[in-house]
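just coords:
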């Protein structure tokens, strides 16, 4: 993504709002959520998640590319190549065939959606509460000539009432249901819209077996991750499996794909820590590059190249990247718990 495209995207996303104020308010979300636990409150975590992506998506694309998810890395691959390989694994696991209908739960800006349409010939319906992200997905699909194979629903995946029961042949949720305030409720709604026998692939952010809730440092790392990614809680892999089963799914497999023969050489968080292979955005992701972007964005704000408050968003993402690296390097956290489940016949 070039600077001109970033400027255009930010202008559309922020629409003249007070971005610095929005970032300050976002930073207070965990306090508001905690207050809601001890008294009646109108706090809605879905609004926090929507605000997080509305603020950050354009900069995420600037640094990470159109597919806003993590992937298992291999020594010979760039991050972009690893994400493509990971999406192709999902296509294979879902046993997609041409003409199927597939639901993308929390579709973001549609990176995986476009891969599925191109390579599997399926029709994909993207569900997203963020109108800004959904509009971006529509524009990119149109630019790719794939708009005739995509449908969209602007809604929370907790309530997809616009879709009838047993509508879709397959479904997937990539780093989206980890945001659900009620994981069983989210999986139950996905279960409802899938046809009997349909396969469902998910990629969840989880705490690993190394996490010790009695360890103060572990609790701090988890809290930093929750705050920076807008996660109301972070489930363990076992909790994800139990939620799937409670919602009615048969869990076929659950694998932490951050743990394999390559993980010691190329851990999933490496692109946010040190330069990883080639790739046009590689330098933007590492600490030195992020600091340079914060400095440059402050200058760009002064000259009105970027909207005022952009540097605050970049600082938020920098803090989140640090939390992700710490969670990954300690082995306490994984964004790559991938499961395959089936709705029984």
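That came through, no problem. This one's a predicted model, so the numbers in the text were calculated from it and none came from an experiment. Numbers count the residues shown, from 1 in each chain.

for the stretch 151-300 of the chain, what spans make up the strands?
Under the criterion DSSP state E, counting those that start in this stretch, the stretch 151-300 of the chain contains strands at 168-174, 194-207, 250-256.

Each with direction, which strands does the last one pair with?
Strand 250-256 has the following sheet partners, assigned by DSSP bridges: strand 333-342 (antiparallel).

tell me the angle of the partner strand relative to strand 194-207?
Interaxial angle of strand 333-342 relative to strand 194-207 (axes from the mean of the first three to the mean of the last three C-alpha atoms, to 10 degrees): 160 degrees.

what's the spacing between strand 333-342 and its chain's center?
13 Å (C-alpha atoms, centre = their mean, to the nearest Å).

Low-confidence ranges, the stretch 1-150 of the chain, go.
1, 36-41 (pLDDT under 70).

try 80
For the stretch 1-150 of the chain, the stretches flagged by pLDDT under 80 are 1-4, 35-42.

hey, where'd the strands end up in it?
101-105, 123-128, 150-154.

circling back: wait, which of the strands of the stretch 151-300 of the chain is closest to residue 92?
strand 194-207 (10.1 Å; C-beta to C-beta). For glycine as for every other residue, the C-beta is placed from the backbone atoms N, C-alpha and C.

Now render the strands of the stretch 151-300 of the chain as JSON lines, adding distance to residue 96 and mean pLDDT.
Listed next are those as JSON lines, based on distance: least, C-beta to C-beta, whole Å; pLDDT from 0 to 100:
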{"stretch": "strand 168-174", "distance to residue 96": "6", "mean pLDDT": "98"}
{"stretch": "strand 194-207", "distance to residue 96": "9", "mean pLDDT": "98"}
{"stretch": "strand 250-256", "distance to residue 96": "16", "mean pLDDT": "97"}
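
hey, which of these is tucked in deepest?
strand 168-174 (a mean of 25; mean count of other C-beta atoms under 10 Å).

Can you add mean neighbour count and give the strands of the stretch 1-150 of the chain back as CSV?
Formatted as CSV, these follow (neighbours: other C-beta atoms under 10 Å):
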stretch, mean neighbour count
strand 101-105, 24
strand 123-128, 24
strand 150-154, 18
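
is it possible to export these to CSV including distance to residue 195?
Putting the strands of the stretch 1-150 of the chain into CSV (distance: least, C-beta to C-beta, whole Å) gives the following:
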stretch, distance to residue 195
strand 101-105, 9
strand 123-128, 13
strand 150-154, 16
